[in-house]
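> Sequence and predicted model, in that order:
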Amino acid sequence: MGPVHAADHPPAQRLSHTGSFGWTPSDGELHWSDENFRIFEIDRAVKPTMELVLQRIHPDDRALMSQAMDETSRGEKDFDVTTRLLMRAEQAERALHQAREELAHLARVATLGELTASITHEVNQPLAGILTNAHAIVRWLDRATPDIAETRLGIDRIIRDAKHAADVIRRTRDLFRKAEPEKVRLDINAVISDAISLVHHEALSNRVSLRLELASGLPPVSGDRVQLQQVIINLAVNGIEAMAGIGNGPRNLLVRSYLEGSHQIVVAVQDRGSGIDPENIEKLFNPFFTTKRNGVGMGLSICRSIIEAHGGRVWASRNIGPGATFQFALSTKDPSGLGSPAN
């Protein structure tokens, strides 16, 4: 390709918002028009290079551009390639998105660290059942006349407990997993049940009674299972902690799901703790705001970020009686056409 100098066709390029460049493969020299500097958001004092061009190309298109450059270097006369540019604003948005995902993941790991005792209990309980039934099966088979019926029941219980332990490990592993959000159609009640199972022992340890009131027949929502579980676990743990210092009063945590209107599902976590200071209600979801003595003020902020990324909203309110209720709402509409719900 012959060189195209910065002064070539400036009026036409300014009017059409197009740029041109020339590239000499033998020595790598680039010659840009004025509009090319504007399009690539690069100062004219900077010497353009193909490396700089590739940095601006969308990651999904870089291989295509590199292939076209290689073909030209080998002497092929022309190439026609269409690529997308990743501009600074987009790069900043992508960096912000990645930072949010990283922060959400770190928050999940931190929360799971706090729930180690609960998760360990949830795994140890079925393992203890497996061991008990295995010993019983040995005794039944050692009888003069082996008790086949009891053995069969024992084996069924072992299978049940093994599946339970495997499910706990799977749910925990998924929460530790660091991956791009994957939005699928979800049964919100199944998401709630999985999440609450991981805080069940935490509730018992703090003398908190857990109750689920999940509306039947709810339509599916579009979302990332792991992130929504993270929100529910966070709200549940907050509710449990809010009742830690209420003395001998009842400690009840109620988790509800219900349909509001025609296209909105609400998940509510209601505690009977010390409640919320009216002055703090609007601040609760702000980054670094906390009412906990050793809190860092990121848990609820991350919850809000996750729910808003799902096109929903999250809010808190004081109960008429003691305590507070934290809720989030998600649309049941399926703008992505994701189809059938995942279990």
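All right, it came through fine.
> can you list the weak-confidence ranges in the stretch 101-250 of the chain?
Counting by pLDDT under 70, the stretch 101-250 of the chain has low-confidence residues at 101-111, 113, 178-180.
> let's see it at 80
With pLDDT under 80 as the threshold, the stretch 101-250 of the chain has low-confidence stretches at 101-122, 167-168, 170-182, 244-249.
> how about the strands of it, start to end?
Taking DSSP state E, counting those that start in this stretch as the criterion, the stretch 101-250 of the chain carries its strands at 184-186, 209-214, 221-223.
> Point out the one among these that comes closest to His310.
Ranking those by proximity to His310 (C-beta to C-beta) places strand 221-223 first, at 5.1 Å. Heads up, the C-betas are built off the backbone N, CA and C, glycines and all.
> what's the following helix or strand after the helix or strand that contains Val314?
Using DSSP states H and E, Val314 sits in strand 313-318. Next helix or strand after strand 313-318 toward the C-terminus (DSSP H and E): strand 324-331.
> one step back: any chance of the strands of the stretch 101-250 of the chain in TSV with distance to Gly321 as columns?
Below are these laid out as TSV (distance: least, C-beta to C-beta, whole Å):
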stretch	distance to Gly321
strand 184-186	32
strand 209-214	15
strand 221-223	30
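> Which among the ones you listed is found nearest to Val269?
The nearest among the strands of the stretch 101-250 of the chain, by C-beta to C-beta, is strand 209-214 at 10.5 Å.
> Report the separation between Gly245 and Asn319.
According to C-beta to C-beta, to the nearest Å, Gly245 stands 17 Å off from Asn319.
> Show me which of these two is the more surrounded one.
Per other C-beta atoms under 10 Å, whichever of Gly245 and Asn319 has more neighbours is Asn319, with 14 against 8.
> I figured that one hits Gln270, correct?
Yes - the pair Asn319 and Gln270 qualifies as a contact (C-beta atoms under 8 Å) at a distance of 6.7 Å.
> How about Val314: what's its closest non-neighbour residue?
With C-beta to C-beta, 6 or more residues apart in numbering as the criterion, Val314 has its nearest non-adjacent residue at 4.1 Å, and that residue is Phe328.
> What's opposite that neighbour in the beta bridge?
With DSSP bridges as the criterion, Phe328 is bridged to Val267, Val314.
> Distance check, it against Ala195.
13 Å.
> do the same with Arg313
The span separating Arg313 from Ala195 equals 19 Å under the rule C-beta to C-beta.
> swap in Lys183?
In terms of C-beta to C-beta, Lys183 sits 17 Å off from Ala195.
> Contacts for stretch 143-161, please.
Residues outside stretch 143-161 that contact it (C-beta atoms under 8 Å, 6 or more residues apart in numbering): Pro126, Leu127, Gly129, Ile130, Asn133, Ala134, Ala136, Ile137, Trp140, Leu141.
> List just the nearest of those to Ala166.
Of those, the one sitting nearest to Ala166 (C-beta to C-beta) turns out to be Pro126, at 8.8 Å.
> Hmm, Asp167 and the closest one touching each other?
No - in this structure Pro126 lies outside contact range of Asp167 using C-beta under 8 Å: 9.1 Å.
> Quick check on these two: which one has the bigger neighbour count.
Higher neighbour count among Pro126 and Asp167: Pro126, with 20 against 15, using other C-beta under 10 Å.
> check contacts around the more buried one.
So Pro126 contacts Arg160, Asp161, Ala162, His164, Ala165, Val168 (C-beta under 8 Å, 6+ apart).
> nearest residue to it other than its sequence neighbours?
Nearest residue to Pro126 in three dimensions, chain neighbours excluded: Asp161, at 3.7 Å (C-beta to C-beta, 6+ apart).
> Can you list the buried residues in the longest helix belonging to the chain?
The longest helix of the chain (DSSP state H) is helix 148-176. Neighbour counts over helix 148-176 (16 or more other C-beta atoms under 10 Å) mark Thr151, Gly154, Arg157, Ile158, Asp161, His164, Ala165, Val168, Arg171, Thr172, Leu175 as buried.
> next one: stretch 129-140
Residues Gly129, Ile130, Asn133, Ala136, Ile137, Trp140 are the ones in stretch 129-140 that count as buried (16+ other C-beta under 10 Å).
> Val231: which of these is nearest?
Checking the buried residues of stretch 129-140 against Val231 with C-beta to C-beta, the nearest one is Gly129 at 31.1 Å.
> Grab the nearest non-local neighbour of Lys333.
Per C-beta to C-beta, 6+ apart, closest to Lys333 is His263, 5.3 Å.
> Quick check: phi and psi on the one you found?
Backbone torsions for His263, taken as degrees, to the nearest 10, come to phi -130, psi 30.
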